[in-house]
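A.B. asks: can't give you the sequence, but here's the structure:
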C-alpha cells in the first residue's frame, strides 16, 4: 500500500514537472495512463495554466482526484487559435472516447453536427447521431452546445449552407441574407464543395481545409477563372479573421474556479452535472405598484457579460407579485427554442422566486437539464433547491459567490433601466 502511494506521488511530481514545459498557447491536452490509453481530453486558451490548475492543492473535485491517480503523463497538441482547439477537442473525444469525459455514448447532453443523406445535404444538430440512419456523416461530441452553435453561426458567413427542411422556389430567408446558397440556384458539384469544406472544419482538420482552399484558388487563377479564385481567397481571409478574433474561454482562473464551485453545488444538490458552465442566465423583476411591471434576462458567457443577448419582458395580465411574474418571464424565455438554453438559471430572490422558476422549468420538462439557483439580496446567500424525482424536497443556503452576485446585480440594473424607461413613457404620455 505504501509503495502504491509513493508511486502515485512520484507520478504526480513527474506530471508537475511536465506541466511546466507546456506552452502558454491555445491547444488540446490529453491525460494518458501507464498503458498510453487516453483518460481525458480538454481544451485551453493557455495550456500550461489550464493543466497546472489540476494540481492546485484546494482541488476537491472527486473526478479530478481519480483522474490524477490514474494519469501517467500529459500530451498536448498546440493550435493556432482557441476556435481550432475547440474543434480539435471534439474530434479527439470522438476518436478516443476517454473515460473521464464521462459516458459519451449514452449521454444526451452532448451536441453533434451532421449532414443528411440528401442530394443537397442539410446541416443538422442532434444529440444521438448513431440512432439517426439518415446521416451522411457527423461530428462531435461538442461539450459546449453554445460554442458549437456560435461556431456555425460565424462559419455560415464563410460557407453558406442549407439547414431548412423544405426548399422554396423563391429562396428561403437565409438565402436572401446570403447565408444559404439557394438550392434551386446551386449545382450539386458546387454545393458538394461546401459540404467538404464544412466537414473538414467541423472535423478539426483546419490545416487540410486551408491547403484545399489555397489549391483551389491557385488552380482557378491559373485557368484565369478569377471570380472563382476570388471566392476561395475571400474564404481564406474570413477564416483567418475568425481564427484570430474568436474568444470563448474564461479569461481568469478565478472565474474558472467559481464556475466549478457552482457546478459542484448542482451535482450535489440537484443531481445534475452540466460538465462545463458556458452560459448562465440571471433574471429579475422590477415594479412599482401594478402600473408597470417588467422582467429582465442577462447572460454570462464563460463568466463574461454578453449584453447582445440581454432580453427585456413586459409582464402580461394582472400583476400578482414577483414570483408569478418571474415564472411568466422564464416560461416565455424557454419558449424561444432558438435561443440557446443555459446550463444555469439564477434568479434574484429567495425560496418563493426559486420555486416559481422551478415551475417554469417543470412545464417545459427541463428539470435535470438546467441548474437552478436563487440569490437572496438581504442575506446575500445562495438558495439551492434539492431536487428529487423532479420535486423540491429541501433547501440549502450557502455563501454567495462574486460571479453570481455580479450576474444578479446586472439583471437588477437591466430590469430597473427598462422599468424607468416605460414609467417615463407612461408618465409623460
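C.D. replies: The structure has been received and is ready for your questions. Computed from a predicted model, the values in this text were never measured in an experiment.
A.B. asks: pLDDT below threshold where in this structure?
C.D. replies: Across the chain, the ranges flagged by pLDDT under 70 are 1-17, 56-61, 102-109, 146, 168-171, 183-189, 244-253, 289-290, 423, 425-429.
A.B. asks: which helices and strands does the lengthiest helix in it pack with?
C.D. replies: Criterion DSSP state H: the longest helix present in the chain is helix 402-428. Here helix 402-428 touches helix 253-270, strand 279-287, strand 293-301, strand 311-314, strand 344-348, strand 371-376, going by 3 or more C-beta pairs under 8 Å, 6 or more residues apart in numbering; DSSP states H and E. Heads up, the C-betas are built off the backbone N, CA and C, glycines and all.
A.B. asks: what about 6 Å?
C.D. replies: Contact analysis of helix 402-428 by 3 or more C-beta pairs under 6 Å, 6 or more residues apart in numbering; DSSP states H and E lists strand 279-287, strand 293-301, strand 344-348 as its packing neighbours.
A.B. asks: now those as CSV including mean neighbour count and distance to residue 136?
C.D. replies: Below are these laid out as CSV (neighbours: other C-beta atoms under 10 Å; distance: least, C-beta to C-beta, whole Å):
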stretch, mean neighbour count, distance to residue 136
strand 279-287, 26, 30
strand 293-301, 24, 31
strand 344-348, 26, 35
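A.B. asks: Could you export the ones you listed as CSV, including distance to residue 41?
C.D. replies: Below are the helices and strands packed on helix 402-428 laid out as CSV (distance: least, C-beta to C-beta, whole Å):
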stretch, distance to residue 41
strand 279-287, 22
strand 293-301, 22
strand 344-348, 24
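A.B. asks: Would you mark the buried spots in stretch 30-49?
C.D. replies: Across stretch 30-49, burial judged by 16 or more other C-beta atoms under 10 Å covers 30-33, 38-48.
A.B. asks: Of the residues you listed, which is the nearest to residue 176?
C.D. replies: residue 43 (35.8 Å; C-beta to C-beta).
A.B. asks: now the closest one, which residues is it bridged with?
C.D. replies: Going by DSSP bridges, residue 43 is paired in beta bridges with residue 28.
A.B. asks: so who does it touch?
C.D. replies: For residue 43, the contact set (C-beta atoms under 6 Å, 6 or more residues apart in numbering) comprises 28, 85, 86, 89.
A.B. asks: My guess is residue 279 contacts residue 345. True?
C.D. replies: No. Applying C-beta atoms under 6 Å as the test, residue 279 and residue 345 come out as separate, 10.0 Å apart.
A.B. asks: what's next to the helix or strand where residue 49 lies, contact-wise?
C.D. replies: Residue 49 is located in helix 47-52, with elements delineated by DSSP states H and E. Residues from elsewhere that reach helix 47-52, judged by C-beta under 6 Å, 6+ apart: 19, 22, 23, 24, 27, 29, 44, 74, 76.
A.B. asks: so residue 35 sits in a strand?
C.D. replies: No. Residue 35: not assigned to a strand; according to DSSP: H, G, I helix; E, B strand; the rest coil it is coil.
A.B. asks: next one: phi and psi at it?
C.D. replies: Phi and psi for residue 35, reported as degrees, to the nearest 10, are phi -100, psi 10.
A.B. asks: Need the max-distance pair from the contacts of residue 43.
C.D. replies: Largest separation among those by C-beta to C-beta: 28 and 86, giving 8.9 Å.
A.B. asks: who are the neighbours in contact with residue 379?
C.D. replies: By C-beta under 6 Å, 6+ apart, residue 379 has no neighbours at all.
A.B. asks: Pretty sure it sits in a helix.
C.D. replies: No. Read with three-state DSSP, residue 379 is coil and lies in no helix.
A.B. asks: ok, so what distance separates it from residue 257?
C.D. replies: Computed as C-beta to C-beta, to the nearest Å, the residue 379 to residue 257 distance reads 23 Å.
A.B. asks: Check residue 299 too.
C.D. replies: 21 Å.
A.B. asks: Just give me how far stretch 64-78 sits from the chain centre.
C.D. replies: Taking C-alpha atoms, centre = their mean, to the nearest Å, one finds stretch 64-78 lying 24 Å from the centre of the chain it belongs to.
A.B. asks: Quick check: buried residues in that stretch?
C.D. replies: 64, 67, 68, 70, 71, 74, 76, 77.
A.B. asks: So what touches that stretch?
C.D. replies: Contact with stretch 64-78 is made by 8, 18, 22-23, 25, 27-34, 39-40, 47, 51, 100, as judged by C-beta under 6 Å, 6+ apart.
A.B. asks: Of all the helices and strands packed on helix 402-428, which one is nearest residue 402?
C.D. replies: strand 293-301 (12.1 Å).
A.B. asks: Packing partners of the closest one?
C.D. replies: In this structure, strand 293-301 packs against strand 279-287, strand 311-314, helix 322-335, helix 402-428, with contacts taken as 3+ C-beta pairs under 6 Å, 6+ apart.
A.B. asks: what sits up against the first one?
C.D. replies: Applying C-beta under 6 Å, 6+ apart, the contact partners of strand 279-287 are 146, 293-301, 322, 325-326, 342-348, 407-408, 411-412, 415-416, 419.
A.B. asks: strand partners of it, parallel vs antiparallel please.
C.D. replies: strand 293-301 (antiparallel), strand 344-348 (parallel).
A.B. asks: Residue 113 belongs to a strand, doesn't it?
C.D. replies: Yes. Looking at residue 113 with three-state DSSP, it is inside a strand.
A.B. asks: In contact with residue 197: list those residues for me.
C.D. replies: Residue 197 makes contact with residue 159, according to C-beta under 6 Å, 6+ apart.
A.B. asks: So what's the residue count around residue 229?
C.D. replies: By other C-beta atoms under 10 Å, the residues close to residue 229 number 18.
A.B. asks: who's in contact with the helix or strand hosting it?
C.D. replies: Element membership of residue 229 [criterion: DSSP H and E] is helix 226-245. Residues outside helix 226-245 that contact it (C-beta under 6 Å, 6+ apart) are 80, 81, 83, 154, 158, 213, 216, 217, 220, 221.
A.B. asks: Pull out the buried positions in it.
C.D. replies: Buried residues in helix 226-245 (16+ other C-beta under 10 Å): 228, 229, 231, 232, 233, 235, 236, 239, 242, 243.
A.B. asks: what about the last one, distance to residue 236?
C.D. replies: For residue 243, the distance to residue 236 equals 11 Å [C-beta to C-beta].
A.B. asks: wait, is residue 139 part of a strand?
C.D. replies: Yes. Counting by three-state DSSP, residue 139 is part of a strand.
A.B. asks: Mind listing the residues bridging to it?
C.D. replies: residue 113.
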